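Peer 1: model this:
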Amino acid sequence: GEGNQPIISRLYGVYLAQTKGLRITEYYSNEGQAELISAAIQAIQETFRATKRKHVRNIAGYFNGVLSNKLDDLMSEIMAR
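Peer 2: Just a heads-up that it's a prediction; the model follows:
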């Protein structure tokens with residue numbers, strides 16, 4: 001809705017910052033891009049579920065932590081392949 005653009009922009013900025021190193025490598029193919037987006041969507045879902053369960057003072061900061069964990073898990077999975 002209206003008034004949500006600032007938080008959307010901050011979350012997208014967190015995504016860009018977290019995935020910058022991955023986006024400039026050969027990993028950023030169509031398949032890799034889909035995996036990064038999937039991890040980001042899961043992180044957003046977890047973040048918004050957390051806001052319903054408890055008080056989250058900084059949504060962008062919480063999302064940053066969740067996305068970081070998701071990307072760590074994704075990279076571990078890729079390294080195990």
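Peer 1: In this protein, which residue sits furthest out from the middle?
Peer 2: Centroid-distance maximum for the chain: residue 2 at 22.6 Å, with CA atoms, centre = their mean.
Peer 1: ok, the residue lying closest to residue 46 once chain neighbours are set aside - contacts?
Peer 2: Leaving out its chain neighbours, the residue that sits closest to residue 46 by CB to CB, 6 or more residues apart in numbering is residue 66, at 5.0 Å. To be clear about C-beta, it is placed using only N, CA and C from the backbone, and glycine gets the same treatment. Residue 66 makes contacts with 43, 46, 47, 50, as judged by CB atoms under 8 Å, 6 or more residues apart in numbering.
Peer 1: Show the pLDDT at residue 66.
Peer 2: On the pLDDT scale, residue 66 is placed at 98.
Peer 1: Wait, residue 15 touches residue 47, no?
Peer 2: No - when contacts are counted by CB atoms under 8 Å, residue 15 is not listed as touching residue 47 (11.6 Å).
Peer 1: now the helices: where do they sit in the chain?
Peer 2: With helices called from DSSP state H, the chain shows them at 5-23, 30-53, 59-80.
Peer 1: Can you list the low-confidence ranges for this protein?
Peer 2: Along the chain, segments meeting pLDDT under 70 span 1, 26-28.
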